[in-house]
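**Student:** No sequence on hand, only this structure:
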């Protein structure tokens, strides 16, 4: 997706506030030893607790001088403390993903996956990640803060002698009816044939192309096992995610769906964990923009049959999304 498309799909509230506070956010992350961009993502996720008028208390909207600095400062302090409590032992876990020396670029060499750093190549291993380790990483460091109980596969990329992958992802079998009923999926696949890529996390020492390489390796694994015929995943542009890793892995956008932001004790709460009937839910005061769903066929044949166009995405109605 080009930059114009990304901006159009991102809500102006999260984009404006995060960019206005980008310097302060980076300084707080460094000082607190937080994962890179964790506070930025947290602020983009939680800014929807407030109305636009609350964020811009001085009159004209989307004007830096009118930002409610007291409100936003308090929210940043709150989120920083939450991340400090959640991202326990991050520096220690990070050190277990690689020896000192920094990250390089992932590439294929003589049929193997390697990482090149300053001209030196070291082998990278793609393999399944123990579910307990994956659960720990996603619960502590992923912005959603949970590991799905219906996870079927977790894969990762490991450096030599490393105990923790520098990038990992988790898959579940697609079960959401509002997605199974989209034209692209309904036309080409049966229930149980489509996997949902539900979690991806890369440590900050991962090479820039780590996620796209990992997703390609996962496709190869599913092609060999014949477990699935396609994979879908979502990009929430409201969090300033671009979706570039999906595009680099030949995923195609096919649908737009609503997303409900709910909060419990001031923190974002997944609807799988906290259904609408949960009594302590606080709903977002500003409605986020829809999220974009991407799809990739596992085989060349299945992938070639997927006719998707960014300019003509299927829009899922809110009532269908709410029904699950």
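**Tutor:** Yes, it's here. Note that this is a predicted model, so its numbers are computed, not measured.
**Student:** Let me see the contact set for residue 212.
**Tutor:** Counting by CB atoms under 8 Å, 6 or more residues apart in numbering, residue 212 makes contact with 245, 246, 248, 249. Where you see a C-beta, it was placed from the backbone N, CA and C, and this is true even at glycine.
**Student:** What score does the nearest residue to residue 216 once chain neighbours are set aside have for pLDDT?
**Tutor:** The shortest distance from residue 216 to any non-neighbouring residue, by CB to CB, 6 or more residues apart in numbering, is to residue 249 (5.5 Å). We have a pLDDT of 93 for residue 249.
**Student:** Also residue 2?
**Tutor:** On the pLDDT scale, residue 2 gets 40.
**Student:** hang on, the earlier thing: with the contacts of residue 212 in mind, which one is nearest to residue 179?
**Tutor:** residue 246 (15.6 Å; CB to CB).
**Student:** can you tell me which residues contact the residue nearest to residue 216?
**Tutor:** So residue 249 contacts 211, 212, 215, 216, 219, 296 (CB under 8 Å, 6+ apart).
**Student:** any idea which helix or strand carries the first one?
**Tutor:** What it means is residue 211. helix 210-225 (DSSP states H and E).
**Student:** hmm, back to that, from the contacts of residue 212, keep the buried residues only.
**Tutor:** Buried members of the contacts of residue 212, scored by 16 or more other CB atoms under 10 Å, are 245, 246, 249.
**Student:** My guess is the second one contacts residue 233. True?
**Tutor:** It refers to residue 246. Yes. Using CB atoms under 8 Å, residue 246 is in contact with residue 233, at 6.6 Å.
**Student:** Name the residues contacting each of these two.
**Tutor:** Contact criterion CB under 8 Å, 6+ apart; residues shared by residue 246 and residue 233: residue 294.
**Student:** For residue 309, grab the count of nearby residues.
**Tutor:** Residue 309 has 9 neighbours, counted by other CB atoms under 10 Å.
**Student:** Per-residue confidence, it, what does it come out as?
**Tutor:** 75.
**Student:** same check, this time on residue 109
**Tutor:** Per-residue pLDDT puts residue 109 at 80.
**Student:** quick one on the thing from earlier: can I get the contacts of residue 212 in JSON lines with distance to residue 318?
**Tutor:** What follows is these, written out as JSON lines (distance: CB to CB, whole Å):
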{"residue": "245", "distance to residue 318": "28"}
{"residue": "246", "distance to residue 318": "24"}
{"residue": "248", "distance to residue 318": "31"}
{"residue": "249", "distance to residue 318": "29"}
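**Student:** Not counting its neighbours along the chain, what's nearest residue 243?
**Tutor:** Of all residues not flanking residue 243 in the chain, residue 235 sits nearest, at 4.0 Å (CB to CB, 6+ apart).
**Student:** Which element, helix or strand, includes residue 44?
**Tutor:** helix 38-46.
**Student:** quick check: mean pLDDT across that helix?
**Tutor:** The model assigns helix 38-46 a mean pLDDT of 98.
**Student:** next helix or strand past it?
**Tutor:** helix 52-55.
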